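Asks: Could you work out the structure for the sequence below:
(one chain, ligands or ions: 2)
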Amino acid sequence: MSSDDEAEEYLFKIVIIGDSAVGKSNLLSRYARNEFNMHSKATIGVEFQTQSMEIDGKEVKAQIWDTAGQERFRAVTSAYYRGAVGALVVYDISRRTTFDSVGRWLDELRTHCDTTVAMMLVGNKSDLQNIRSISVEEGKNLAEEQGMFFMETSALDSTNVKKAFEIVIQEIYKTVSRKVLNSDSYKAELSVNRVSLVDNGDKSTQTQTSSSCCSR
Ligand SMILES: Nc1nc2c(ncn2[C@@H]2O[C@H](COP(=O)(O)OP(=O)(O)OP(=O)(O)O)[C@@H](O)[C@H]2O)c(=O)[nH]1
Ligand SMILES: [Mg+2]
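Replies: Ligands and ions are numbered 1, 2, ... in the order given. Purely as a prediction, here's the structure:
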């Protein structure tokens, strides 16, 4: 490996969307700061946190954006989605209405993000087993239908929170690596990142089929 490889830097924007009070802000605070707030207030406007992880020996940074589920508190929608390459679409396993809204959130996501976005459907509050109203199966089926990853999480007891974010980040990394291998123009698009994953004449890499989550 040349020393150039160590200088590579990746910065991915990921958005969290879903109805109010499904736990978006707590999922983010659990992941980024290992904090949970039982009495958190509804988000007003936009907040983001940056979190790093290592993939293939490289530092990959995720800039994770969180906004209000309530329409009246939301920031400018197009700006929120601009440049996003990953999304967590969250519902609350104990509230059916939040699951019914997933389609609407997906419509909005697809309207504003033209690139391939790595998407995960997240059923949060898995600790509330006794008042569950959406089964794991139902969640899984919807995710499959929509070409998304699926995971049930609990921001309260930490179950699967790290895993959910990391799966999305890894998928984005894979997609970016593939795109860089296949397109020079994409490198220009990623000008903020020093991506230098070039095809070293190994033509077999060109013929790999994409298993992107949202290729339908
Ligand atoms: N039991 C349980 N409660 C949770 C969990 N995650 C969040 N909550 C609670 O649900 C409520 C709403 O959480 P938030 O994180 O503020 O929800 P939000 O999706 O950011 O809401 P908006 O900002 O209004 O869109 C708070 O009282 C949290 O303590 C969880 O995994 N389990
Ligand atoms: Mg919030």
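
Asks: what's the helix or strand for the residue sitting nearest the centre point of the chain?
Replies: In the chain, the residue lying closest to the centroid (Cα atoms, centre = their mean) is residue 87, at 3.2 Å. Using DSSP states H and E, the element containing residue 87 is strand 84-92.

Asks: Over to residue 16?
Replies: Under the assignment given by DSSP H and E, the secondary-structure element containing residue 16 is strand 10-17.

Asks: now for the helix or strand following that strand, which elements pack on it?
Replies: Where DSSP H and E defines the elements, the next helix or strand beyond strand 10-17 is helix 24-33. On a contact count with 3 or more Cβ pairs under 8 Å, 6 or more residues apart in numbering; DSSP states H and E, helix 24-33 meets strand 10-17, strand 46-55, strand 58-67, strand 84-92, helix 161-182. Quick note: C-beta positions are derived from backbone N, CA and C, even for glycine.

Asks: Next, count neighbours for residue 37.
Replies: Using other Cβ atoms under 10 Å, residue 37 has 11 neighbouring residues.

Asks: Cross-check the contact I'm expecting between it and residue 29.
Replies: Yes - proximity of residue 37 to residue 29 meets the contact threshold set by Cβ atoms under 8 Å, at 6.9 Å.

Asks: Report the contact partners of residue 62.
Replies: Each residue near residue 62 by Cβ atoms under 8 Å, 6 or more residues apart in numbering is listed here: 11, 12, 13, 14, 50, 51, 52, 53, 86, 165, 169.

Asks: let's see it at 7 Å
Replies: Counting by Cβ atoms under 7 Å, 6 or more residues apart in numbering, residue 62 touches 12, 14, 50, 51, 165, 169.

Asks: now swap in residue 163 and tell me
Replies: Contact criterion Cβ under 7 Å, 6+ apart gives residue 151 as the residues in contact with residue 163.

Asks: Before I go, just wanted to say thanks for your time.
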